[in-house]
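Visitor: I would like to see how this sequence folds:
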Amino acid sequence: MALELSIHEITIAVNDIETASKTFGGALQGTIDEVQDFPNEGFELKMGGVWIGDFHIAMVNDPSGVGPVGKFLSKRGEGIFEVNVRTNDLPAAIEHFKSQGLRFINEEPKVLKNYDAGHGQVLSELRIAFVDPRSTHGVLIEVAQWVD
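Guide: Residues are numbered from 1 along each chain as shown. The predicted model follows:
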């Protein structure tokens, strides 16, 4: 099986999810998501966004200010936080990125069960690994394999 890679989502760290979603939704004629809370270990994460066809622009905020998004907003202000790359084979994708000189924050995939992927699609499993932004010119890349 040949390795497949595609950009699925761009995540933007914002101060106000509703306002940013309206801006992008109106300008790009997209469908605006409801804002959801995602419980994490030690910090808050809120996410909304806009669907343009099958492509998603996620808007995220960390009201606690202590998680990765909160730290990003404090240091850099609003902007692109993450690019989400979808793959059919996460171990092969990790090896591919490493062969290109990229480093990973976690080579052992994080596995999320019963993950809500949006648009009414719930995955039995989402496997993710993160490319270290120091090896990608400051951009965090999430590499994800969806398991239906």
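Visitor: what residues does stretch 17-30 touch?
Guide: 12, 14, 31-33, 35, 46-52, 57, 59-61, 78 (C-beta atoms under 8 Å, 6 or more residues apart in numbering). To be clear about C-beta, it is placed using only N, CA and C from the backbone, and glycine gets the same treatment.
Visitor: quick one: distance of the longest strand seen in the chain to the chain centre.
Guide: Using DSSP state E, we find that the single longest strand of the chain is strand 121-131. Here strand 121-131 is found 10 Å from its chain centre; the criterion is C-alpha atoms, centre = their mean, to the nearest Å.
Visitor: give me the next element, helix or strand, following it.
Guide: strand 140-147 (DSSP states H and E).
Visitor: tell me what that following strand is packed against?
Guide: Judged by 3 or more C-beta pairs under 8 Å, 6 or more residues apart in numbering; DSSP states H and E, strand 140-147 is in contact with strand 79-87, helix 90-99, strand 121-131.
Visitor: could you dump the ones you listed to CSV with mean pLDDT and mean neighbour count?
Guide: Below are these laid out as CSV (pLDDT from 0 to 100; neighbours: other C-beta atoms under 10 Å):
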stretch, mean pLDDT, mean neighbour count
strand 79-87, 95, 18
helix 90-99, 96, 16
strand 121-131, 82, 16
